[in-house]
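Chemist: structural data only, the sequence is not supplied:
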């Protein structure tokens, strides 16, 4: 399988942050995902939103990367939320139980910003 390039671009707003994800969320995404999360988490937002609208492919390793971020977020008292997931990706979240720790929102517009 040809893996597409992955990007994780962070945006910070007072009280929250968003990480826009693009490409294939696989083992090759680990470094970019970690760098974006670490940069935003260091600014101590209450909530970090993950925008999955640009994710083309998500596999079990990608889910494992997200689970490791959930563990880090819980230690730092950050809340993680997801939006923009394709139906199949949302199904993977449910099967892995990830939706219990990173709730899936229907749309960026429903996110209440301070």
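Modeler: Done, it's in. The model shown is predicted, which means the values in this text are computed figures rather than measured ones.
Chemist: name the residues that touch the top strand by length along the chain?
Modeler: Criterion DSSP state E: the longest strand present in the chain is strand 47-58. Under the contact criterion C-beta atoms under 8 Å, 6 or more residues apart in numbering, strand 47-58 has outside partners 3-4, 7, 15-26, 37, 40-41, 66, 73, 78-86, 89, 92, 102, 105, 108, 111. To be clear about C-beta, it is placed using only N, CA and C from the backbone, and glycine gets the same treatment.
Chemist: bridged to the residue minimising distance to the centre of the chain, which residues?
Modeler: Nearest to the geometric centre of the chain sits residue 50, at 3.5 Å (C-alpha atoms, centre = their mean). According to DSSP bridges, the residues that bridge with residue 50 are residue 19, residue 82.
Chemist: how close does it get to residue 60?
Modeler: Separation of residue 50 from residue 60 (C-beta to C-beta, to the nearest Å) stands at 17 Å.
Chemist: now swap in residue 67 and tell me
Modeler: In terms of C-beta to C-beta, residue 67 sits 10 Å off from residue 60.
Chemist: pull the residues that contact the helix ranked longest in the chain.
Modeler: In the chain, taking DSSP state H as the definition, the longest helix is helix 60-76. The contact list for helix 60-76 (C-beta under 8 Å, 6+ apart) reads 24-27, 29-30, 33-34, 37, 41, 44, 48, 50, 79-80, 92-93, 96, 98, 101-102.
Chemist: list the buried ones in that helix?
Modeler: Using 16 or more other C-beta atoms under 10 Å as the test for burial, helix 60-76 gives 62-63, 65-66, 69-70, 73.
Chemist: what mean pLDDT does that helix get?
Modeler: Helix 60-76 shows a mean pLDDT of 96.
Chemist: please narrow the contacts of helix 60-76 to those residing in strands.
Modeler: When DSSP E defines the strands, the subset of those inside them is 24-25, 48, 50, 79-80.
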